[in-house]
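Peer 1: here's a sequence, model it:
(chains A and B)
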Amino acid sequence: NAGVTQTPKFQVLKTGQSMTLQCAQDMNHEYMSWYRQDPGMGLRLIHYSVGAGITDQGEVPNGYNVSRSTTEDFPLRLLSAAPSQTSVYFCASSRTDGNQPQHFGDGTRLSIL
Amino acid sequence: GDSVTQMEGPVTLSEEAFLTINCTYTATGYPSLFWYVQYPGEGLQLLLKATKADDKGSNKGFEATYRKETTSFHLEKGSVQVSDSAVYFCALTINTDKLIFGTGTRLQVFP
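Peer 2: Next up is the predicted model:
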């Protein structure tokens, strides 16, 4: 069972570069989301989507874009990387119920120099 | 706003010791409450959940009871093992799928 797959696992960027973090799920989940994890701050929601064609901002959306053209994929784009975006990024998916568990990918560790 | 507060770690225990990790919440509605666990190098996994007051979630020897009167959802285990070493996150949702996380508590269990 693949579940939620994130690529790449590690990435180093220079300030100002752009890149896309990939996230794919094979569970036909409607809800997908991106979090960043920073020491002492837990996980903070960046963007989320309740279905294909629908996205919305979370707690810390600045500097990131998302799109949801299919149910399976939910890529996260960094438009112009900044050192403050150095973090571990997690993608998650679930059925839209509010009580359903979120399924997390293994994360992407991103360093911005 | 809605929030989750967890005790700071790390929590360091010997094998077979009793574990409590405190979690309290602030919510404007009636939240569902969750504990997630993150093992080294991995993503988060759901450990247990409770969706209404007085519910008890349990899994792998861990338990937590939804206490509305004290707005708490403390995680307990009677006898921890080295393999329980991980970071534990308390979280809530209120009528949505958006999770609000606490800052996480690192548990270290030594033989």
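Peer 1: counting contacts, what elements does the longest strand seen in chain A pack onto?
Peer 2: In chain A, with assignment by DSSP state E, the single longest strand is strand A:42-51. Applying 3 or more Cβ pairs under 8 Å, 6 or more residues apart in numbering or on different chains; DSSP states H and E, one finds that strand A:42-51 makes contact with strand A:31-38, strand A:54-57, strand A:64-66, strand B:100-101. Any C-beta I mention is one placed from the backbone N, CA and C, and that applies to glycine too.
Peer 1: partners of the shortest one in the sheet?
Peer 2: It refers to strand B:100-101. According to DSSP bridges, strand B:100-101 has the following sheet partners: strand B:86-93 (antiparallel).
Peer 1: re the thing from before, list of residues touching the longest strand of chain A?
Peer 2: By Cβ atoms under 8 Å, 6 or more residues apart in numbering or on different chains, the surrounding residues in contact with strand A:42-51 are A:30-38, A:55-61, A:64-66, A:68, A:71, A:74, A:76, A:89-90, A:96, B:44, B:89, B:97-99, B:101-104.
Peer 1: now with 7 Å, please.
Peer 2: Contacts of strand A:42-51 from elsewhere in the structure, counted by Cβ atoms under 7 Å, 6 or more residues apart in numbering or on different chains, are A:30-37, A:55-61, A:64, A:66, A:68, A:74, A:76, A:90, A:96, B:89, B:98, B:101-104.
Peer 1: distance check, the residue nearest in space to the middle of chain A against chain B.
Peer 2: Closest residue to the average C-alpha location of chain A: A:Trp34 at 2.9 Å, with Cα atoms, centre = their mean. Distance, A:Trp34 to chain B, using Cβ to the nearest Cβ, to the nearest Å: 12 Å.
Peer 1: neighbours around the closest residue in space to that residue that isn't next to it in sequence, how many?
Peer 2: Nearest residue to A:Trp34, sequence neighbours excluded (Cβ to Cβ, 6 or more residues apart in numbering or on different chains): A:Ile46, at 4.4 Å. A:Ile46 has 23 neighbours, counted by other Cβ atoms under 10 Å in any protein chain shown.
Peer 1: from B:Thr70, how far off is A:Ile46?
Peer 2: 32 Å (Cβ to Cβ, to the nearest Å).
Peer 1: hmm, stretch B:13-29 touching chain A?
Peer 2: No: using Cβ under 7 Å from any Cβ of the partner chain, stretch B:13-29 stays clear of chain A, coming no nearer than 10.8 Å.
Peer 1: what's the worst-scoring helix or strand of chain B on mean pLDDT in contact with?
Peer 2: Scoring the helices and strands of chain B by mean pLDDT, DSSP states H and E places strand B:100-101 at the bottom, with a mean of 91. Applying Cβ under 7 Å, 6+ apart, the contact partners of strand B:100-101 are A:42-43, B:2-4, B:89, B:91-92.
Peer 1: which of those sits closest to B:Val82?
Peer 2: B:Phe89 (20.2 Å; Cβ to Cβ).
Peer 1: can I assume that closest one is in contact with B:Gly104?
Peer 2: Yes: with contacts defined as Cβ atoms under 7 Å, B:Phe89 counts as touching B:Gly104 at a distance of 4.9 Å.
Peer 1: okay, now residue 65: neighbour count?
Peer 2: Here I'm looking at chain A. Quick note: A:Asn65 (other Cβ under 10 Å) scores 14 neighbours.
Peer 1: my bad, chain B
Peer 2: 17.
Peer 1: one more: A:Gly105?
Peer 2: Around A:Gly105 there are 25 residues (other Cβ under 10 Å).
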